[in-house]
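Enquirer: sharing a model that was predicted from the sequence below.
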Amino acid sequence: MSNLRSNIIGWLGRKYFSRIQKNGFDLSKMSFLPSATLAPLRRNGLDPVDELARTRAKEPISKLPLPFGMKGWLVTGYDETKAVLGRVNGFSSDFTNLAEKNIGIAPQQNPGGLGFSDPPTHTRLRRLLTPEFTMRRLSRLTPRIHSIVEERLDEMAAMGAAGDPVDLVQSFALPIPSLVICELLGVPYEDREDFQQLSLARFDLFDGADTSFGAISDSLSYLLDIVKKQRESPGDGLLGMLVKEHGDKIDDQELAGLADGVLTGGFETTASMLALGTLVLLRDPERFAEIRDNDDVVDRYVEELLRYLTVVQVAFPRFAKEDMEIAGTKISSGDLVLCSLSGANREEKLGPDMERFDPHRQTSSHLAFGHGIHRCIGAELAKMELRAAYPALVRRFPEMRLAVPQEKLAFRKLSIVYGVEALPVTLKK
């Protein structure tokens, strides 16, 4: 078992590092986003680029230049983002909107699942999934989550015993959510190494949108094989439970889409939070010590890290289904609307100095998991992992520090899910 997990983790690390080797980034590969629209996908270190704050202060809903004659809007204000994401009947998230715009995305690249569907399909699928994501059902994973965290800490300790730097992304941030997702879905151990590669290319637009959407087709094909195995012999995980309880209400394509959504929504996002959240703690010794020594602050730290980092930088694109007006802006039927979650979560109306990480502020209802019917169904599972991982990490390695200056770290240049490629740390002074 340990050899298999080592192989999985090693593969993930090599896959992640391979991104750093790519040169010659070409914005022309972005099949439907010209350079003027890319500010919501860029950052300056851990912070959204200044352009987002300037745009939000001037126009919380601003015109978004798009090719192919499409008309688009960028939403950067907090209230305006909630208004768009919460308007169920006025906007569509259906994937066919993208395919029908003839922008280089084919209908067969439809990932399905919750994120790219509208009611009543979305309502039916979410109703099937929701019972599996209640705290009562998720609590069965608590012992396994803590075991996975402790196993990773043991391996980190062994790797850093000689004082050499350890890459926290490869050894900690990636393995924890990948193994938790496998536990949740009930993926057989013999399938896990193949299964986990399906997320990595999904949200990174470094190779262009066509590459990202191409990964959808590849992953769905593989997931269909997993689903067929579960049909034949249902296990105790989420897929097996759905087959046993609702097998006649959901077809294989929909099951594969749901599994794909759980994988991509819960793997890379949580991995990025674990790495970037640790970076925030490492650059502030006072905060590092507080979360290490005080269990009572863990929940507040997790919520503020989610707001401050907002690793999912934009919500799924919405298309207006009717003419409407939001915050004085007239939006026409057919317009594309893109909500900047990272921009909205930094708005000053939420409190003082929202550009700063402050776990003791009066927390507001952040939008790190989105809002409305498409709010991330796995939000509580992600929080469970973060609450377990951060305190355990800093308690096991109280002398941990960055092995390189922060300015030497390689962050993603253009990605829906923001992250750092590697985070080398020294575990002892």
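Expert: Great, that's in hand.
Enquirer: let's test this: mean pLDDT of stretch 317-330, rounded?
Expert: What stretch 317-330 shows for mean pLDDT is 94.
Enquirer: can you tell me the distance between the two ends of that stretch?
Expert: By C-alpha to C-alpha, to the nearest Å, the extent of stretch 317-330 from end to end equals 18 Å.
Enquirer: and stretch 70-86, C-alpha only, in PDB?
Expert: Listed next in PDB are the C-alpha coordinates belonging to stretch 70-86 (Å, rounded to 0.1, in the frame of the first residue of the first chain):
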ATOM      1  CA  MET A  70     -19.200  38.300 -28.000                       C
ATOM      2  CA  LYS A  71     -20.300  40.900 -25.500                       C
ATOM      3  CA  GLY A  72     -19.000  40.300 -22.000                       C
ATOM      4  CA  TRP A  73     -18.900  41.800 -18.500                       C
ATOM      5  CA  LEU A  74     -16.400  41.500 -15.700                       C
ATOM      6  CA  VAL A  75     -17.900  41.700 -12.200                       C
ATOM      7  CA  THR A  76     -15.400  42.700  -9.400                       C
ATOM      8  CA  GLY A  77     -17.800  44.100  -6.700                       C
ATOM      9  CA  TYR A  78     -18.800  41.900  -3.800                       C
ATOM     10  CA  ASP A  79     -22.500  42.800  -3.800                       C
ATOM     11  CA  GLU A  80     -22.600  42.700  -7.600                       C
ATOM     12  CA  THR A  81     -21.000  39.200  -7.700                       C
ATOM     13  CA  LYS A  82     -23.500  37.900  -5.200                       C
ATOM     14  CA  ALA A  83     -26.300  39.400  -7.300                       C
ATOM     15  CA  VAL A  84     -25.100  37.600 -10.400                       C
ATOM     16  CA  LEU A  85     -24.300  34.300  -8.800                       C
ATOM     17  CA  GLY A  86     -27.500  34.300  -6.800                       C
END
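Enquirer: ok, H371 touching L85?
Expert: Yes: under the criterion of C-beta atoms under 8 Å, H371 makes contact with L85 at 4.1 Å. To be clear about C-beta, it is placed using only N, CA and C from the backbone, and glycine gets the same treatment.
Enquirer: more neighbours: those two, which one.
Expert: The neighbour count for H371 versus L85, taken as other C-beta atoms under 10 Å, is higher for L85 (25 against 21).
Enquirer: identify the residues contacting the spatially most distant residue from the centre of the chain.
Expert: The outermost residue of the chain, judged against the average C-alpha position, is A162 (33.8 Å), by C-alpha atoms, centre = their mean. Listed by C-beta atoms under 8 Å, 6 or more residues apart in numbering, A162 has no contact partners.
Enquirer: could you do I291 as well?
Expert: I291 makes contact with L281, V297, V298, Y301, Y390, P391, V394, according to C-beta under 8 Å, 6+ apart.
Enquirer: among these, name the ones in helices.
Expert: Of those, the ones assigned to helices by DSSP state H are L281, V298, Y301, Y390, P391, V394.
Enquirer: the most centrally placed residue in the chain: which element?
Expert: In the chain, the centroid-proximal residue (C-alpha atoms, centre = their mean) is T269; its distance is 2.7 Å. Assigned by DSSP states H and E, T269 belongs to helix 268-282.
Enquirer: can you pull the contacts of the closest residue to K244 other than its chain neighbours?
Expert: For K244, ignoring the flanking residues on the chain, the nearest one in space by C-beta to C-beta, 6 or more residues apart in numbering is P234 at 4.9 Å. By C-beta under 8 Å, 6+ apart, the contact set of P234 is G240, M241, V243, K244, G247.
Enquirer: mind doing that once more with 6 Å?
Expert: Taking C-beta atoms under 6 Å, 6 or more residues apart in numbering, we find P234 in contact with G240, V243, K244.
Enquirer: quick one: it is in a strand?
Expert: No: counting by DSSP: H, G, I helix; E, B strand; the rest coil, P234 is located in no strand; its state is coil.
Enquirer: so what pLDDT did it get?
Expert: At P234, the model reports a pLDDT of 89.
Enquirer: ranking helices and strands of this structure by mean pLDDT, which lands last?
Expert: Lowest on mean pLDDT, DSSP states H and E among the helices and strands of the chain sits helix 2-20, with a mean of 36.
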